[in-house]
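Undergrad: no sequence on hand, only this structure:
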């Protein structure tokens with residue numbers, strides 16, 4: 001029997017070119033409870049690609065694999081591989097608006113074909129015992145009234161999907177870049193609230209525009225979960241407050257200085273296995289956001305982290321630029 005949901009009161013959004021395994025390892029050092037997502041990985045990359053697109057460290061758990069695709073059989077195959085590798089759940093991308101994704105017939109354009117999404121979900125659920133969810137928008141192009149969203153969720157949920165993450169903006173499939181699609185279409189939280197009211201038995205999380213944990217707590221009065229994207233990446237130490245604020249688990253925190261020291265050890269281990277220093281360090285640029293020394297930290301890493309000879313010692317050199325602050 002397929003497990004219907006993975007509880008995710010708080011999650012970090014799947015972000016292409018950002019939430020790779022090094023980023024997730026870094027984020028997990030700050031929060032035990034947040035659900036972490038991979039970048040979107042296409043079924044084609046998994047099935048035909050030469051790299052290992054499913055690699056992750058079990059220390060990152062719980063981790064959700066986000067898949068991009070629209071062929072039910074291929075998605076089912078990739079979901080089986082994800083389950084075998086130990087992922088906590090699988091999520092289908094029905095929200096990405098990029099031209100490349102549309103040309104592959106997946107992402108946000110799938111909202112126009114809810115029956116195909118339903119078929120994809122059912123195929124994956126029949127293939128695995130881990131939860132399968134869908135991440136979607138509230139609409140696409142001129143199809144952006146509540147009825148359109150209601151119909152989509154109704155069809156997909158009838159196929160067995162019990163968990164939806166809703167980016168509370170519509171997507172323009174033509175004329176806006178993916179970045180513009182994250183900023184220009186207005187947020188519409190009430191529409192997601194309405195969806196939860198109409199489908200009270202579904203697990204519904206909201207994504208889009210959330211920058212503080214106070215805001216997240218307010219949204220959780222209406223919904224089952226909150227997903228934060230860019231803010232968790234550009235201001236990552238926000239994640240250190242998630243467990244106490246949203247899960248009532250006030251365990252001892254790592255200071256930013258302790259985090260850097262742990263990540264330096266991690267970088268040394270990863271580089272022995274062939275990783276490049278910059279691929280790890282780039283996720284840490286915002287760690288000291290708003291603090292004395294933050295600019296010097298970013299500058300040193302940005303200017304020297306790209307160099308072929310860069311080593312984990314550079315993290316410690318950059319750390320020396322930042323005054324240590326005791327945790328309260």
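TA: Right, received. Where do you want to start? Note that this is a predicted model, so its numbers are computed, not measured.
Undergrad: how about the strands in the chain?
TA: Here the chain has its strands, by DSSP state E, at 10-12, 35-42, 63-68, 89-94, 132-137, 163-167, 203-207, 225-228.
Undergrad: the ones you listed: which one's closest to residue 277?
TA: In terms of CB to CB, the element of the strands of the chain nearest to residue 277 is strand 35-42, at 20.0 Å. Heads up, the C-betas are built off the backbone N, CA and C, glycines and all.
Undergrad: how big is the angle separating that closest one from strand 163-167?
TA: 80 degrees (axes from the mean of the first three to the mean of the last three CA atoms, to 10 degrees).
Undergrad: which elements pack onto strand 35-42?
TA: strand 10-12, helix 21-28, strand 63-68 (3 or more CB pairs under 8 Å, 6 or more residues apart in numbering; DSSP states H and E).
Undergrad: which residues touch that strand?
TA: Residues from elsewhere that reach strand 35-42, judged by CB atoms under 8 Å, 6 or more residues apart in numbering: 6, 8, 10-20, 24, 27-28, 53-54, 56, 60, 62-69, 78, 88, 91, 93, 96, 104, 106.
Undergrad: the longest helix in the chain is where?
TA: For the chain, the helix with the greatest residue count under DSSP state H is helix 256-272.
Undergrad: in terms of secondary structure, what does that helix contact?
TA: For helix 256-272, the packing partners by 3+ CB pairs under 8 Å, 6+ apart come out as helix 21-28, helix 277-281, helix 313-319.
Undergrad: returning to that earlier point: of the strands of the chain, give the one that comes closest to residue 215.
TA: Among those, strand 225-228 comes nearest to residue 215, with 8.1 Å by CB to CB.
Undergrad: give me the nearest residue to residue 222, chain neighbours excluded.
TA: Counting by CB to CB, 6 or more residues apart in numbering, residue 222 lies nearest to residue 193, which is 4.7 Å off, once chain neighbours are set aside.
Undergrad: right, so of the strands of the chain, which gets closest to residue 176?
TA: Closest approach to residue 176 among the strands of the chain (CB to CB): strand 132-137, 12.3 Å.
Undergrad: ok, residues contacting that closest one?
TA: With CB under 8 Å, 6+ apart, strand 132-137 has contacts from 2, 5-6, 14, 64, 66, 79, 89-95, 97, 108, 111, 117, 121, 124-125, 152, 156, 160-167, 169-171, 203, 207.
Undergrad: again, only using 6 Å
TA: Identification of contacts with strand 132-137 by CB atoms under 6 Å, 6 or more residues apart in numbering yields 90-95, 108, 121, 124-125, 156, 161, 163-167, 170-171.
Undergrad: may I see the PyMOL selection of the buried members of those?
TA: Those of the contacts of strand 132-137 that count as buried under 16 or more other CB atoms under 10 Å are selected in PyMOL with:
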select buried, resi 90+91+92+93+94+95+108+121+124+125+156+161+163+164+165+166+167+170+171
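Undergrad: quick one: least confident helix or strand in this structure?
TA: Lowest by mean pLDDT, DSSP states H and E among the helices and strands of the chain is helix 99-103, with a mean of 66.
Undergrad: returning to that earlier point: for the strands of the chain, which one sits closest to residue 305?
TA: Nearest to residue 305 among the strands of the chain is strand 35-42 (20.4 Å), distances taken as CB to CB.
Undergrad: so for that closest one, what gets flagged as buried?
TA: Neighbour counts over strand 35-42 (16+ other CB under 10 Å) mark 35, 36, 37, 38, 39, 40, 41, 42 as buried.
Undergrad: returning to what we had before: and the helices and strands packed on helix 256-272 as a markdown table, adding distance to residue 224, mean neighbour count and mean pLDDT?
TA: As requested, the helices and strands packed on helix 256-272 are exported to a markdown table (distance: least, CB to CB, whole Å; neighbours: other CB atoms under 10 Å; pLDDT from 0 to 100):
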| stretch | distance to residue 224 | mean neighbour count | mean pLDDT |
| --- | --- | --- | --- |
| helix 21-28 | 21 | 21 | 98 |
| helix 277-281 | 33 | 21 | 98 |
| helix 313-319 | 37 | 19 | 96 |
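Undergrad: nearest to residue 242, out of those?
TA: Across the helices and strands packed on helix 256-272, closest to residue 242 is helix 21-28 (CB to CB), at 9.7 Å.
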